[in-house]
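Enquirer: What shape does this take:
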Amino acid sequence: MGRQLSTSTAILLGSAMIAAAVYLGLRHGPAARETEAREPEARELEARRDERAPGADAPARSATPAPDATPAPSAAPRDEVARRAVEALEAHRAALTQRCYTPAMAAQPDRPVVKYIFNITFDAQGRQIARGVIEDRETARPEVTACLATALPPLSIPPPGARVRVDVPFSLP
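Expert: Down below sits the predicted model:
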């Protein structure tokens, strides 16, 4: 008779493997590579620290400040970011109407208005880093919502100077 793992032991081992994969994935994922690419000064400071005299316990001091010590540009007010997000959405209105709304209305003309709220998060440089959409239950058209999700490219606005999340109302037509 062969030796078998109990269910609880198998679950424990599986959980440990998943935890290790998540840890290593987050540690060496795209965010870590982006940080390394943006901070050549930090790597230079680390190299200098490694070159210090043997037996020295204190890290080497540099006359140049660390990259995090540079002041960030002032953050744009949330209302201003929301206004710019509306402008960015409006720039795509004609294409979204033609690609998503018009075919849905031709197939089923009831409920002529569809309403949404876009939750958009921009990074300090003004690039969209997250987007969600909430559709109004009264005017919901799942085919239009699915099309919007694929047809709307990532938005960008002038740099707000900090990460900002805004809720932007949007309706078609």
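Enquirer: What segments of the protein are helices?
Expert: 7-27, 30-38, 40-50, 78-90, 93-96, 102-107, 142-151 (DSSP state H).
Enquirer: Make CSV out of those helices and add mean pLDDT, distance to residue 113 and mean neighbour count.
Expert: In short, each C-beta sits where N, CA and C put it, glycine included. Converted to CSV, the helices of the chain look like this (pLDDT from 0 to 100; distance: least, C-beta to C-beta, whole Å; neighbours: other C-beta atoms under 10 Å):
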stretch, mean pLDDT, distance to residue 113, mean neighbour count
helix 7-27, 83, 43, 10
helix 30-38, 54, 39, 10
helix 40-50, 54, 52, 12
helix 78-90, 89, 16, 17
helix 93-96, 89, 14, 14
helix 102-107, 83, 10, 13
helix 142-151, 87, 11, 15
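Enquirer: Show me the one of these that comes nearest residue 133.
Expert: When the helices of the chain are compared for distance to residue 133 using C-beta to C-beta, the nearest one is helix 142-151, at 6.5 Å.
Enquirer: Check which helices and strands that closest one sits against.
Expert: If you count contacts as 3 or more C-beta pairs under 8 Å, 6 or more residues apart in numbering; DSSP states H and E, helix 142-151 packs onto helix 93-96, helix 102-107, strand 114-122, strand 128-135.
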